[in-house]
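Here is a sequence together with a model predicted from it:
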Amino acid sequence: MTKIVIVGGGIIGATIAYELSLNSDFEITLFEQENSPALHSTSASLGVLMGILSPKAKGRSWKLRQKSLERYETLIPELEKLTGKTISYNQQGIVELLFPEDSLETWKSLIKIRKHQGYHLEIWDKNKLFKECPQVEINNIIGAVYSPQDRQVDPIELTEALIAGATLNGVNLEFGVKVQKILTTGTHDENNCICERVLTSKGEVETDFLIMAAGVDTTELTQNFKNPLDIRPVLGQALQVKIEENNYNFNPVITGDDIHIVPLKNNEYWIGATVEFPNEKGDIIMQENLLEEMKEIAFSYCPILKNSTILKTWSGKRPRPEGRPAPIIEKLTGTNNILLATGHYRNGIILAPATALIIKDFLINN
């Protein structure tokens, strides 16, 4: 059997572990330095699966989103049946608010492209928007675009189900174990560097393939290689609120100016997320005023939220590659058996299935 080590127990590592577990030829071990999964960038996500609404009409970015959306439609029921867990999965679509500066012609062009690709988008005027989504009350708006085939999923529930499914399929999960060093043979200059073992806080482990899905921690683990990665954290803050009652039959995700309002169970909503870059020293300092500004904008979109109770606020660091597009899904330069699946920035949840399938295809064909 092919021995595979996965570093990282967030949504990317968990999805890869599950997809690989469907192949009986793989012996898989996943290491996560925390004592439970999804505690870093995954926990910062709101799970908004924006694919069809994405302005990326073609190319790599669109193909990754398309592959993921297709897999999600089978993955969620598959995991629920296997594990007995319920995964919150909003299939009522996403409504993107349009403002006077938005180009309707650009949206009309995207609608034609999506129709050709087999997907549906609708432009709503203000009257249609207010009729379908009475929770939206804002004057400075020209309408909305509705995507019925985009989705939203609870990232924590999803990751936990993936971990549970992978475990049932025989994956060895090692939580609270840190991978400290990658032990190799060969030389980087000749592109024949091979990872034979990894040094962990519990000792050395042999592997035939190493998959790096460790987000910002990938930077530290690749420092001794010819072309180390430079992945930097970008902070995102979000909050969860509760209103007294929710009588709306139609509860899509509502998004505007990159702010998402995500309906949950029990009259609750997630609102997020800020985008806060490191300063010149590389430090991230949480800016409470940005969270407050985001909250006020979201409340202006949906005034029903103004009298809500704030249940909690939280933050997480998303891994953003420096000087290159996200995500990074490829072999580490100079190596034969180290695969990178990292640096997804703000798109980890939407791109996780596609990433896992690419990694799986590589391993099967190599």
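Structure's in. What do you need?

residues in contact with the helix-or-strand element of the chain with minimal mean pLDDT?
Every helix and strand in the chain was compared by mean pLDDT, DSSP states H and E; the lowest is helix 41-44, with a mean of 76. With CB atoms under 8 Å, 6 or more residues apart in numbering as the test, helix 41-44 has contacts from 10-11, 155-156, 159, 215-216, 236, 238, 273, 314-319, 344, 348-349. Heads up, the C-betas are built off the backbone N, CA and C, glycines and all.

Verify the stated contact: residue 343 with residue 326.
Yes - the pair residue 343 / residue 326 is scored as a contact, 5.1 Å apart, by CB atoms under 8 Å.

okay, and the common contacts of these two?
residue 320.

among the contacts of helix 41-44, which ones are buried?
By neighbour count, with 16 or more other CB atoms under 10 Å, these hold 10-11, 155-156, 159, 215-216, 236, 238, 273, 315-319, 344, 348-349 as buried.

re the thing from before, higher neighbour count, residue 343 and residue 326?
residue 343 (27 against 19; other CB atoms under 10 Å).

what residues are up against the more buried one?
Shown in contact with residue 343 (CB under 8 Å, 6+ apart): 215, 218, 229, 231, 319-321, 326-328.

redo that, cut-off 10 Å
By CB atoms under 10 Å, 6 or more residues apart in numbering, the residues touching residue 343 are 12, 212, 215-216, 218-219, 229-232, 318-322, 324-329.

For residue 330, see how far away it is.
Separation of residue 343 from residue 330 (CB to CB, to the nearest Å) stands at 11 Å.

Please apply the same query to residue 296.
41 Å.

Ok, residue 95 next?
On the measure of CB to CB, residue 95 and residue 330 end up 35 Å apart.

Now that we have the contacts of residue 343, which of them are buried?
12, 212, 215-216, 218-219, 229, 231-232, 318-321, 326-329.

Does residue 338 have any beta-bridge partners, and if so which?
Residue 338 has the following beta-bridge partners by DSSP bridges: residue 210.

Repeat that for the one 4 residues further on.
For residue 342, the residues forming beta bridges with it (DSSP bridges) are residue 328.

Burial check on it, number of neighbours?
31.

Likewise for residue 79?
22.

so who does it touch?
Each residue near residue 79 by CB under 10 Å, 6+ apart is listed here: 18, 85-87, 157-158, 160-162, 164-166.

let's go with 6 Å and repeat that
Residue 79 makes contact with 161, 165, according to CB atoms under 6 Å, 6 or more residues apart in numbering.

Now do the helices in this protein.
11-21, 41-44, 59-83, 104-117, 126-132, 155-168, 217-221, 288-301, 348-365 (DSSP state H).

Buried deepest among these, which one?
Per-stretch averages of neighbours, counted by mean count of other CB atoms under 10 Å, single out helix 11-21 among these, with a mean of 29.

Now do that helix against helix 155-168, angle only.
Helix 11-21 runs at 30 degrees relative to helix 155-168, counting by axes from the mean of the first three to the mean of the last three CA atoms, to 10 degrees.

Could you pull up the mean pLDDT of helix 11-21?
The average pLDDT within helix 11-21 is 97.

now for that helix, which elements pack on it?
strand 2-7, strand 26-32, helix 155-168, helix 348-365 (3 or more CB pairs under 6 Å, 6 or more residues apart in numbering; DSSP states H and E).

Compare the ones you listed and give me the one nearest residue 51.
Checking the helices and strands packed on helix 11-21 against residue 51 by CB to CB gives helix 348-365 as the closest, at 6.2 Å.
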